[in-house]
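# Sequence and predicted structure are below.
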Amino acid sequence: MSEPSQPQPSMPRRLSLSTSPDIESGVYADFVSVWHQPHQFVLDFSVHTSPPQVVEADGKQVLNVPARMVARVRLRPEQIFEIMKALNQQLSRWEKEQGRAPRPEEPPTGRPPADG
């Protein structure tokens with residue numbers, strides 16, 4: 001039997017990722033809140049839980065948007081640059097395939113099915 005070879009620093013890498021079935025389907029999120037601390041960025045993905053309602057707060061009327069966080073992802077700052085590049089590449093590919101991307105003033109036409 002031969003010994004596995006040691007990786008070379010310049011050798012291309014291939015990631016073989018696996019996950020459990022309960023995580024594989026993912027979760028739906030309506031929006032993401034992005035914030036940071038000195039050594040990490042935090043992405044809080046959330047879903048609206050009921051329609052927005054006008055409420056009184058500090059003597060003023062505000063629009064309260066009830067939501068529930070469905071996932072929190074913590075990332076090292078250097079990962080953010082790679083994520084930004086990957087998102088830009090995927091958005092460009094998506095726009096070539098699907099046409100113009102919806103703009104923020106254009107609400108989405110629907111929600112993906114709950115079963116993924």
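Received, thanks. Residues are numbered from 1 along each chain as shown.
# Next one, pLDDT for the residue nearest to residue 50 when sequence neighbours are not counted please.
Counting by C-beta to C-beta, 6 or more residues apart in numbering, residue 66 is the residue found nearest to residue 50 once chain neighbours are left out, at 4.8 Å. To be clear about C-beta, it is placed using only N, CA and C from the backbone, and glycine gets the same treatment. Turning to residue 66, the model gives it a pLDDT of 94.
# I figured residue 66 hits residue 49, correct?
Yes - with contact defined as C-beta atoms under 8 Å, residue 66 counts as touching residue 49 (4.7 Å).
# shaky segments in the protein?
Counting by pLDDT under 70, the chain has low-confidence residues at 1-4, 7, 101, 103-116.
# quick one: stretch 52-62 to chain centroid distance?
Its chain's C-alpha centre and that of stretch 52-62 lie 29 Å apart, by C-alpha atoms, centre = their mean, to the nearest Å.
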